[in-house]
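Undergrad: Task: produce atomic coordinates for the following.
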Amino acid sequence: MNSEQLTELAQQLRVDSVRVADAAGSGHPTSSMSAADLMAALLANHLHYDFDHPEHPGNDRLIFSKGHASPLLYSMYLAAGAIDEEEFLTYRTLGSRLEGHPTPRLPWVDVATGSLGQGLPVGVGMALAGQRLRHTPYHVWVLSGDSEMAEGSVWEAVEHAGDQHLDSVTLVLDVNRLGQRGPTRHQRDLDAYGRRLRAFGWHTVEIDGHDMDAVDAAFNEAKSTPRQPTAIIAGTRKGRGVHSVEDREGMHGKPLPDARSAIEELGGRRSVRVPVARPTAPDRAARTAPRTGPVQLPRYAVGDEVATRDAYGRALAALGTAREDVVALDGEVSDSTRVEFFAKEHPERFFECYIAEQQLVGAAVGMQALGLAPYASTFAAFLTRAHDFLRMAAVSRASITVVGSHAGVAIGQDGPSQMGLEDLAMFRAVHGSTVLHPCDANQTARLVEATYGLSGVRYLRTLRGKTPVVYGPDEQFPIGGSRTLRRSDGDRVTLIGAGTTVHECLAAADALAGEGIPVRVIDLYSVKPADEAALQAAADDTGCLITVEDHHPEGGIGDAVAEVFSDGRPAPRRLVRLAVGNLPGSATAGEQLSSAGIDAESVAATVRLLSEKVMV
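TA: Predicted coordinates:
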């Protein structure tokens, strides 16, 4: 389209943004209006996308990081003929695919947006996959608002993209000066953004975002700049084209007061339809099926002492050999998480994300949108930094496996800053998540294989120290299951552990057996979903459940067990929770477990105290 036609299309996008927000009685039309010229030029002249085949591997990726500008995105879909007028007017209504912020309920939306600062990290993951693995000439376009440039996650992505020379990424920065409650930090100082981006190795183009010739030229420049990501830094005006709201404070997130007169001021409704260019890559819509074959998992002998993190790294390398869509991402701790084993065997599919946990998870989300199977690993404690990315991964219907090592006080002398003690609660709270905590090497290897192909966010918790191998290499561990390791008809109490506390429970059970106090021991390796049948049977048989976990008492194994009985089913007479209630310091692993009251001696002492009451 020429400039005149693009201007007409931009006005149409503004009009449609105004009227759809007016019909819904809510939305962000003024934030949409500022970027309308930018998106008109992109849609008509630069985007390559087959709306009939959103799975086409050559499709460009368009991420609205400023997801609140959804009226603009849906107006683009209307102009492209992807949706019709009837669906367009369902915006923000019950059951509509056109939600207040975009989600993958729409097939052309790869990831959910709306939590600001996440679009660019996800886009960087997509570009990394394209550069290293897909070798398909798609471009990644990320529309960002100026407010979200204050987010640290943006700068994690900016640095990573510059370092990796990701010339297939273009950040379209809509500098409209106004945030939610007033002016942004740099207002319309385009060079303030440019200086920062150039310092990280970006090519920048600073333009008037309402000068259509400049906008169109900027997109051409972005596509032709080699070995550098490009940022189009566009000075715009919020509410552009309607005098009563243009560049005025207090209009964020509100329909226009008089939509009818605003539409008239914008020149009335149009009906431009845009023939969006198809991908230039060959149509491999079915995507080459990933190589599959038997997974030759590592095998460990019962009685060996092996750290579950070691088993994870070797199992992941084996999985990568059998499944070529598996990729591994790590936060500069691969020697500790043991992802180094994968990196040595499959270097082309290993991605170092450095100490940038938000970029780590964001890249994983981006890669899974392209059909890859990401495994993202770091210390369990540091995943708390990426909690919002994990929350949004669930909203994105993303399928990723996250692995947290060095969990609990059992890591020993490093002290509390390195101890993951909140991670089980964090991941259990993520919608649709699976939470796994293996206790030995063979169980870990099996669960690594089991996570492949699962939907949703999967979390695998691994340990720093060595633990005894208690299961044979051919045993199976279904998701949602558990294993009963000690059992008799006379059991008075059931001990429930996971990870390192399984071994403490076993030691306590052996000591108590010598005193004539039989106890049941359950390995609750699947924390979510929990094995309700086994827990109910234990409650019926013994009447007393004691959960033992290397985690804070809130939200972990104790709560997972308690929730099984929260729907009115018969509950145990007693439910006792042993967890890390103190603030740890530096000490040996054994001293840490004892201080927290979750070692074998503490568990046995608890059973002794309860024994007489349980027998009544």
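Undergrad: Next one: D50 relative to T113, how far apart?
TA: 22 Å (CB to CB, to the nearest Å). The C-beta positions use only the backbone N, C-alpha and C, and glycine is treated the same way.
Undergrad: Equivalent analysis for T434, please.
TA: 24 Å.
Undergrad: One more: R574?
TA: The value you get for R574 to T113, if CB to CB is used, is 47 Å.
Undergrad: what residues does the helix or strand bottoming out on mean pLDDT in the chain touch?
TA: Least confident helix or strand of the chain, by mean pLDDT, DSSP states H and E, is helix 600-615 with a mean of 85. The contact list for helix 600-615, computed with CB atoms under 8 Å, 6 or more residues apart in numbering, reads 492-493, 495, 504-505, 507-508, 511-512, 515, 517, 519, 542-544, 546, 548, 573-574, 576, 578, 593-594.
Undergrad: Mind checking which of those are buried?
TA: Among the contacts of helix 600-615, those classed as buried by 16 or more other CB atoms under 10 Å are 492-493, 495, 504-505, 507-508, 511-512, 517, 519, 542-544, 546, 548, 576, 578, 593-594.
Undergrad: Verify the stated contact: P226 with D167.
TA: Yes - look at P226 against D167 with CB atoms under 8 Å: they come within range, at 5.5 Å.
Undergrad: more neighbours, these two?
TA: D167 (20 against 7; other CB atoms under 10 Å).
Undergrad: Now the more buried one: phi and psi?
TA: Backbone torsions of D167, given as degrees, to the nearest 10, read phi -80, psi 0.
Undergrad: Now do the strands in the stretch 101-250 of the chain.
TA: 140-145, 169-175, 203-208, 230-235 (DSSP state E, counting those that start in this stretch).
Undergrad: so can I have CSV of those strands showing mean pLDDT?
TA: Below are the strands of the stretch 101-250 of the chain laid out as CSV (pLDDT from 0 to 100):
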stretch, mean pLDDT
strand 140-145, 98
strand 169-175, 98
strand 203-208, 98
strand 230-235, 98
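Undergrad: Could you dump the ones you listed into CSV with mean neighbour count and distance to E246 added?
TA: Compiled in CSV, the strands of the stretch 101-250 of the chain are given as follows (neighbours: other CB atoms under 10 Å; distance: least, CB to CB, whole Å):
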stretch, mean neighbour count, distance to E246
strand 140-145, 26, 17
strand 169-175, 29, 14
strand 203-208, 19, 15
strand 230-235, 26, 14
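Undergrad: Out of those strands, the one nearest S396 is which?
TA: strand 140-145 (15.0 Å; CB to CB).
Undergrad: could I get that closest one in PDB with only the CA atoms?
TA: Taking C-alpha atoms only, strand 140-145 is exported to PDB below (Å, rounded to 0.1, in the frame of the first residue of the first chain):
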ATOM      1  CA  VAL A 140       9.600 -11.500  15.200                       C
ATOM      2  CA  TRP A 141       7.800  -8.200  15.600                       C
ATOM      3  CA  VAL A 142       7.200  -7.000  19.200                       C
ATOM      4  CA  LEU A 143       4.900  -4.000  19.900                       C
ATOM      5  CA  SER A 144       5.900  -2.500  23.200                       C
ATOM      6  CA  GLY A 145       4.700   0.400  25.200                       C
END
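Undergrad: So what are the sheet partners of that strand and their directions?
TA: strand 61-64 (parallel), strand 169-175 (parallel) (DSSP bridges).
Undergrad: Quick check: which of the ones you listed is nearest to V365?
TA: Per CB to CB, nearest to V365 of these: strand 61-64, 10.7 Å.
Undergrad: Contacts for the closest one, please.
TA: Taking CB under 8 Å, 6+ apart as the rule, strand 61-64 contacts 42, 47, 49, 70, 72-73, 102, 108, 110-111, 113, 119-120, 122-123, 126, 138-143, 369.
Undergrad: Point out the other elements, helices or strands, that the helix or strand L506 falls within touches.
TA: L506 belongs to helix 500-513 when assigned by DSSP states H and E. Applying 3 or more CB pairs under 8 Å, 6 or more residues apart in numbering; DSSP states H and E, one finds that helix 500-513 contacts strand 466-468, strand 483-486, strand 493-497, strand 519-523, strand 544-548, helix 600-615.
Undergrad: how about a cut-off of 10 Å?
TA: strand 466-468, strand 483-486, strand 493-497, strand 519-523, strand 544-548, strand 574-578, helix 589-596, helix 600-615 (3 or more CB pairs under 10 Å, 6 or more residues apart in numbering; DSSP states H and E).
Undergrad: TSV for those, including distance to T93?
TA: TSV is the format used below for the helices and strands packed on helix 500-513 (distance: least, CB to CB, whole Å):
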stretch	distance to T93
strand 466-468	53
strand 483-486	48
strand 493-497	45
strand 519-523	47
strand 544-548	44
strand 574-578	44
helix 589-596	51
helix 600-615	54
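Undergrad: Quick check: which of these is buried the most?
TA: Across the helices and strands packed on helix 500-513, averaging neighbours per residue (mean count of other CB atoms under 10 Å) puts strand 493-497 on top, at a mean of 29.
Undergrad: Paired strands for that one, with orientation please.
TA: Here strand 493-497 has these sheet partners by DSSP bridges: strand 519-523 (parallel), strand 544-548 (parallel).
Undergrad: Y77 contacts E85, correct?
TA: No - between Y77 and E85 there is no contact under CB atoms under 10 Å: 11.4 Å.
Undergrad: Between the two, tell me which one has more neighbours.
TA: Comparing Y77 with E85 by other CB under 10 Å, the one with more neighbours is Y77, at 21 against 9.
Undergrad: Pull the contacting residues for that one.
TA: Residues in contact with Y77, defined by CB atoms under 10 Å, 6 or more residues apart in numbering, are 43, 51, 83-84, 87-88, 97-98, 102, 106, 108-109.
Undergrad: quick one: average pLDDT of the helix holding L506?
TA: For helix 500-513, the mean per-residue pLDDT is 98.
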